[in-house]
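Chemist: turn this into a model:
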Amino acid sequence: MDNAIKTINLTKKFKDITAVEDLNVEIKQGEIFGLLGPNGAGKTTTISMLCTILKPTEGSAQVNGYDILKEPEKVRKSIGIVFQQPSVDDILTGLENLRLHAMWYGVPKETRKNRIDEVLELVGLQSRQNSLVKTYSGGMRRRLELARGLLHLPNVLFLDEPTLGLDPQTREHIWKYIEKMSREREMTIVLTTHYMEEADNLCDRVAIIDQGKIVVMDAPDSLKEKVGGDIVYLKTTAADTNKFKEIEEVSKIEKKDDCIILTVKNAGEHLQEILEISGKVERVEVRSASLEDVFINYTGKEIRAETGEGGIVQRIIKERTVR
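Modeler: Got it, this is the predicted structure:
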């Protein structure tokens, strides 16, 4: 399968700050590829260079076979973009926004109406197309931006934090649209996100980016397998962590205050053995490894601060560091 995007030592510096450093990525045609990382990791800068909004300081890249430095106009005509910040005009109707965009991107007049009708149906906004955008909810505006990005049938669609600030239900609806676009149109989709579940549910491959560098890249399931097993949380003050070393399936042991965090292969089969040597346990939680665990494993920190106190797992993740 041909590559839709290829970067070679792509680098962007802002004075003394290196936002993106020596990025080397190949993204296949029709792939949903995710850049996963916290705010400030370099995700938006990377997309901005690939979209020709920013010029790289060093290195190069090709998008749809076009050089981002030598052929920026051809790159722009072949891509769609949904920016992190809202960019639709709220004093126009949804339909007027799409008509304006169609003219800007040179959608032929004879096919313009059909294309607008298609994308409105895709994102479920037919009934509100004549309403002013300022009357739209946040989710509706995001769907309109998706429709606008698709209007000229781009080969590659860039989505910068496509569901940022949306409620969980609307977020899941957006996920369905993204999957449908990729499946039905064989469109290459590159999205940035700091939502773990978004990357896990949508992406064929994920690159975890931190401080401008890709620290690991693979399919979500493969990344989780690399963590080495399930995660067991024990709230106890009595356990001797050295005893857990006797269990062959325990690959990692961490201690934080009155909590012990174990990485265990097939934890369900060995939970009884773990509990027998744990002393008095006030609480135990067992779950499969997540992309959150992958991120912490490779970067030594959480991807984002959780809001609210949450459960024991959230509180531990907020405070823990990798030893």
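Chemist: any idea how far Phe158 lies from Gly80?
Modeler: 7 Å (CB to CB, to the nearest Å). The way it works is simple: take the backbone N, C-alpha and C, and place the C-beta from them, glycine included.
Chemist: could you list the domains of this structure?
Modeler: Recorded structural domains for the chain (assignment: automatic domain parsing) are 3-223, 224-319.
Chemist: could these go into CSV alongside mean neighbour count and mean pLDDT?
Modeler: Shown next, in CSV, are those (neighbours: other CB atoms under 10 Å; pLDDT from 0 to 100):
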stretch, mean neighbour count, mean pLDDT
domain 3-223, 18, 91
domain 224-319, 16, 75
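Chemist: pull up the pairing partners for the strand ranked longest in the chain, direction included.
Modeler: Identified as the longest strand of the chain according to DSSP state E is strand 3-14. Paired neighbours of strand 3-14 in the sheet (DSSP bridges): strand 17-23 (antiparallel), strand 26-28 (antiparallel), strand 58-63 (antiparallel).
Chemist: distance between the longest one and the chain's centre?
Modeler: By that I understand strand 17-23. Computed by CA atoms, centre = their mean, to the nearest Å, the chain-centroid distance of strand 17-23 equals 19 Å.
Chemist: neighbouring contacts of it?
Modeler: 7, 9-13, 42, 45-46, 49, 56, 59, 212-214 (CB atoms under 8 Å, 6 or more residues apart in numbering).
Chemist: so for Leu271, which of the strands paired with strand 3-14 sits nearest?
Modeler: Relative to Leu271, the nearest member of those by CB to CB is strand 26-28, separated by 40.1 Å.
Chemist: who touches the closest one?
Modeler: 1-7, 33, 188, 190.
Chemist: centroid-nearest residue for the chain?
Modeler: For the chain, the residue nearest the mean C-alpha position is Thr193 (3.1 Å; CA atoms, centre = their mean).
Chemist: quick check: phi and psi at it.
Modeler: Torsion angles at Thr193 (phi, psi; degrees, to the nearest 10) stand at phi -160, psi 160.
Chemist: dig out what it forms beta bridges with.
Modeler: Under the criterion used (DSSP bridges), Thr193 bridges to Leu36.
Chemist: what's the longest helix seen in the chain packed up against?
Modeler: Using DSSP state H to define each element, the chain has its longest helix at helix 168-185. For helix 168-185, the packing partners by 3 or more CB pairs under 8 Å, 6 or more residues apart in numbering; DSSP states H and E come out as strand 32-36, helix 109-122, helix 138-150, strand 188-193, helix 196-202.
Chemist: format those as TSV; extra columns: distance to Ser278.
Modeler: Converted to TSV, the helices and strands packed on helix 168-185 look like this (distance: least, CB to CB, whole Å):
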stretch	distance to Ser278
strand 32-36	33
helix 109-122	53
helix 138-150	45
strand 188-193	36
helix 196-202	28
